[in-house]
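Q: Sequence and predicted model, in that order:
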Amino acid sequence: MTSFRDTARSATAAMRAVFPATPLQRNAHLSERFGADIWLKREDLSPVRSYKLRGAFNAMRKVLESNPEKGLFVCASAGNHAQGVAFMCRHFGVRGVIFMPVTTPQQKIHKTRTFGGDAVEIRLTGDYFDDTLAAAKTFCAEKGAHFLAPFDDTDVIEGQASVAVEIEEQMAGLPDRVILPVGGGGLSAGVRGYFGDACAYSFVEPQGGASLAAALAAGTPVKLERVDSFVDGAAVACIGAKPFARLADVNPDDVFAAPEDRICVTILEMLNVEGIVLEPAGALAVDALDDVAARIRGKTVVCITSGGNFDFERLPEVKERAQRYSGVKKYFILRLPQRPGALKEFLNILGPQDDIARFEYLKKSARNFGSVLIGIETREAANFDILFQRLDTAGFTYRDITDDAILAEFLI
């Protein structure tokens, strides 16, 4: 019987006719910072800027080998999976129908259409992904098309394992630890399935979509009641059954949840320091270095940067969230006396590094006072301790709403 390692190698060899191996690059900045030998497996540099075309290629290759007449493939995706499928439809010369939510950003629709060209048709259906998925599967049943799952598929997992095959080929020896981003589980299942017990692993998923941790706790895949969609490439409500079958014995201590705001700090650091553009899901593995710092000192570590499809229209939001997480930007509601000189008194309290980023009267809460929404940026988080101490001394009434999710949603 052919082993998983053998089939993964065969899939990798077949891929070389379509696209080259992605680079494995040592990162001096991260290596120095964490006292380790840290390498980045740059899946953000694939032809579609993510690893997703690997699984799409292998699944389509397998179908066409067994049924050369199969000419219609379908997927449901708002991101990297759609682009990978589109790319491979054009490569294999087959027709693809890609279902996307109506709310999908135009940038992603355009890129998918660019990769697929005349080989693909894009159908915008449903406000939510569950509606889109249902429409895609109904279409498949009606047309006899083949549905290409993004992660819950044996051939897709086998294709994603090509990442591990390339790492093995590109390194003098295996790394001590591989840090894997987890969404639906296809990539992590493939890489762990290939390397086995030859190295250690850290699995990192977004805090607002910790489906692997939930499955490990329950002993089976479970659907999360709520998912934060910010890390859109990995925010999955339920890990795939087939990937979980390969991950069910993972030690929960090796699974980490990355706060979405902290991921924003990592995205900006990699962009500003290294010039590397990562989408939120693509930054997960690098972000987790903080969590495993004590475990990796002196070790050789590979972080898989899984994608770089970042829409720069999101940059202001990423910067905002990063500043709030780092403590250098805060929002508060100030109760300001409605008398001459009150505003000047407040301005005189600000320190030399404090900058007003937002100033908005909300309403008069009483005849002699008004509520003001104020956003302050500063250089050092400790400056806010000084500012709030001065406000207390001056007798100002205020409320810090920076971490109040409900108020922030409506006011910020």
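A: Here it is on my side, so go on.
Q: ok, which stretches of the stretch 1-150 of the chain are helices?
A: For the stretch 1-150 of the chain, the helices defined by DSSP state H, counting those that start in this stretch cover 4-15, 28-34, 52-66, 80-92, 106-116, 129-143.
Q: pLDDT on the second one, on average?
A: Okay, so that is helix 28-34. Averaging pLDDT along helix 28-34 gives 98.
Q: Next: the third one.
A: Confidence for helix 52-66, expressed as mean pLDDT, is 96.
Q: Tell me which residues of it come out buried.
A: Residues of helix 52-66 classed as buried by neighbour count (16 or more other Cβ atoms under 10 Å): 52-64. Heads up, the C-betas are built off the backbone N, CA and C, glycines and all.
Q: Those residues into a markdown table, with extra columns for distance to residue 406?
A: A markdown table is the format used below for the buried residues of helix 52-66 (distance: Cβ to Cβ, whole Å):
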| residue | distance to residue 406 |
| --- | --- |
| 52 | 35 |
| 53 | 40 |
| 54 | 41 |
| 55 | 39 |
| 56 | 40 |
| 57 | 44 |
| 58 | 45 |
| 59 | 42 |
| 60 | 45 |
| 61 | 49 |
| 62 | 48 |
| 63 | 47 |
| 64 | 51 |
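Q: ok, these vs residue 260, which is closest?
A: residue 52 (21.2 Å; Cβ to Cβ).
Q: My guess is the closest one contacts residue 87. True?
A: No: with contact defined as Cβ atoms under 8 Å, residue 52 does not count as touching residue 87 (9.1 Å).
Q: how about the helices of the stretch 1-150 of the chain, which one is nearest residue 274?
A: Minimum separation from residue 274 across these (Cβ to Cβ) falls at helix 28-34, 6.1 Å.
Q: what separates the closest one from the chain centre, distance-wise?
A: Here the centre of helix 28-34 is set off from its chain's centre by 22 Å, with Cα atoms, centre = their mean, to the nearest Å.
Q: which helices and strands sit right next to it?
A: On a contact count with 3 or more Cβ pairs under 8 Å, 6 or more residues apart in numbering; DSSP states H and E, helix 28-34 meets strand 37-42.
Q: Neighbouring strands - and their directions - for the strand it packs on?
A: Partners of strand 37-42 in the sheet, by DSSP bridges, are strand 24-26 (antiparallel), strand 300-305 (parallel).
Q: quick revisit: turn the helices of the stretch 1-150 of the chain into a markdown table, including distance to residue 194.
A: As requested, the helices of the stretch 1-150 of the chain are exported to a markdown table (distance: least, Cβ to Cβ, whole Å):
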| stretch | distance to residue 194 |
| --- | --- |
| helix 4-15 | 5 |
| helix 28-34 | 24 |
| helix 52-66 | 12 |
| helix 80-92 | 19 |
| helix 106-116 | 27 |
| helix 129-143 | 29 |
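Q: Out of the buried residues of helix 52-66, which is nearest to residue 386?
A: For those, the residue nearest residue 386 by Cβ to Cβ is residue 52; the value is 47.8 Å.
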